[in-house]
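*Asks:* sequence? don't have it. structure:
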């Protein structure tokens, strides 16, 4: 039986401004777009440090920078911190609905509000419907849109991929105007609970960059594993050397 991983072809993009480090240029290695990657193959690619953005599967391939490192939570070993327990208690009465990927104006308006409040970085593409659709509403794998409501008010939207050995947290946005809310933390805790319910060992959180303020939260979910080279290693064993 042919191994689909051996037939995949890749190309490396031209340099473009890094979305994480403003003084850097980035490049990505992208799976050739003619391949429609299924969940099994994508799960294997994910374990090698690739991520999905819409139909595109990519990983950083920057010549002089290795700052972006993949991280995942070991679900069975995870113990919430005191602040995480408070977040769970504060928001656990929210109701959730799971959907196939679809466009809804209410979701897009929340996305716009979140981007305007949290990512004021000059990226004007954030308010475009087509960019939103391409980024979040296209997938060749088993993806879900999760909506969270508090007293019938939409508060959180999370996009997740269901894969053979875990869930992949694609993207989450939430109401930025609720004081004292910790919606981002709660959404990850909810995804951890989903992994446990489904018997999946990992929650993949995407890329982490040391001392990057928008990614610091990922290191709060321990025990965490981090991909160094081709090996997943305990986060606490390597953090001081990064």
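*Replies:* Looks like it arrived, so ask away. Keep in mind that what you see is a predicted model, and the values were worked out from it rather than measured.
*Asks:* and the next element down the chain from the longest helix along the chain?
*Replies:* For the chain, the helix with the greatest residue count under DSSP state H is helix 183-198. Later in the chain than helix 183-198, the nearest helix or strand by DSSP states H and E is strand 202-208.
*Asks:* how about the nearest residue to residue 95, chain neighbours excluded?
*Replies:* Among residues not flanking residue 95 along the chain, residue 149 sits closest, at 5.0 Å (CB to CB, 6 or more residues apart in numbering). To be clear about C-beta, it is placed using only N, CA and C from the backbone, and glycine gets the same treatment.
*Asks:* The one you found - that's part of a strand, no?
*Replies:* Yes: remark: residue 149 belongs to a strand, assigned using DSSP: H, G, I helix; E, B strand; the rest coil.
*Asks:* from memory it sits against residue 97, does it?
*Replies:* Yes: applying CB atoms under 8 Å, one finds residue 149 in contact with residue 97, separated by 7.5 Å.
*Asks:* Distance check, residue 80 against residue 3.
*Replies:* Distance from residue 80 to residue 3, counting by CB to CB, to the nearest Å: 39 Å.
*Asks:* Would you map the strands across the protein?
*Replies:* For the chain, strands defined by DSSP state E occupy the ranges 10-12, 16-17, 25-26, 28-31, 51-53, 56-60, 69-74, 95-99, 143-150, 153-163, 166-174, 202-208, 224-228, 231-234.
*Asks:* for the ones you listed, which one sits closest to residue 38?
*Replies:* Closest approach to residue 38 among those (CB to CB): strand 153-163, 10.2 Å.
*Asks:* just the angle between that closest one and strand 202-208, please?
*Replies:* 100 degrees (axes from the mean of the first three to the mean of the last three CA atoms, to 10 degrees).
*Asks:* Show me how the record splits the chain into domains.
*Replies:* The chain breaks down by automatic domain parsing into domains covering 4-68, 76-205.
*Asks:* between the strands of the chain, which one is nearest to residue 106?
*Replies:* Using CB to CB, the strands of the chain put strand 153-163 closest to residue 106, at 5.9 Å.
*Asks:* by contact count, what packs against the closest one?
*Replies:* helix 39-46, helix 105-118, strand 143-150, strand 166-174, helix 183-198 (3 or more CB pairs under 8 Å, 6 or more residues apart in numbering; DSSP states H and E).
*Asks:* Now distance to residue 61 too, for the ones you listed, in a markdown table please.
*Replies:* What follows is the helices and strands packed on strand 153-163, written out as a markdown table (distance: least, CB to CB, whole Å):
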| stretch | distance to residue 61 |
| --- | --- |
| helix 39-46 | 14 |
| helix 105-118 | 27 |
| strand 143-150 | 25 |
| strand 166-174 | 20 |
| helix 183-198 | 27 |
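*Asks:* Nice, that's everything, thank you.
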